[in-house]
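J.: can't give you the sequence, but here's the structure:
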């Protein structure tokens, strides 16, 4: 049975995008090549509440590609897949084609 995690409050579940280690032509890329720390949003929480009790929605939605900080987030393993849980405030931005 597959598990599904639904984040609480303003948290976002992200699956990090692993850059390829080889080009399409078969050239191996060095480990220290510049990488963009990004991931795909898998699930989002409903949002946080302010002091007045109003709901502040999360800025990203499922399926968005986001720019992540180098450090932070909570690592979670579900069904042999690795995910990271970030607060909405920790996400640096969204990436578009």
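T.: Received the coordinates, thanks. The structure presented is a predicted model; accordingly, all values stated were derived computationally and were not measured. Numbers count the residues shown, from 1 in each chain.
J.: who touches stretch 8-27?
T.: For stretch 8-27, contacts defined as Cβ atoms under 8 Å, 6 or more residues apart in numbering pick out 5, 7, 28-29, 31, 33, 35-48, 56, 58, 60, 65-66, 68, 73, 76, 81-89, 91. Where C-beta positions appear, they are placed from N, C-alpha and C, glycine not excepted.
J.: Flag every buried residue along stretch 37-52.
T.: Residues 38, 39, 41, 42, 43, 44, 45, 47, 48 are the ones in stretch 37-52 that count as buried (16 or more other Cβ atoms under 10 Å).
J.: for that stretch, how far is the first residue from the last?
T.: End-to-end span of stretch 37-52 (Cα to Cα, to the nearest Å): 36 Å.
J.: Can you list the neighbours in contact with that stretch?
T.: 4-17, 55-58, 60-70, 83-84, 88, 95.
J.: Restrict these to the buried ones and give me that as a ChimeraX selection.
T.: Buried residues among those (16+ other Cβ under 10 Å), as a ChimeraX selection:
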select :7,10,11,12,13,14,58,60,64,65,66,68,83,84,88
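J.: Which ones among the contacts of stretch 37-52 lie within strands?
T.: Among the contacts of stretch 37-52, DSSP state E puts 11-16, 55-56, 65-67, 83-84, 95 in strands.
J.: ok, residue 82 - contacts?
T.: Counting by Cβ under 8 Å, 6+ apart, residue 82 makes contact with 15, 16, 75, 76.
J.: can you do 7 Å?
T.: residue 75 (Cβ atoms under 7 Å, 6 or more residues apart in numbering).
J.: where's it relative to residue 75, distance?
T.: Shown here: residue 82 relative to residue 75, a distance of 7 Å by Cβ to Cβ, to the nearest Å.
J.: Repeat that for residue 56.
T.: 26 Å.
J.: Please apply the same query to residue 95.
T.: The value you get for residue 95 to residue 75, if Cβ to Cβ is used, is 21 Å.
J.: where in this protein is pLDDT low?
T.: Residue ranges of the chain with pLDDT under 70: 1-3, 20-21, 29, 31-35.
J.: One more pass at 90, please.
T.: 1-8, 16-37, 70-73, 78-81, 95-97 (pLDDT under 90).
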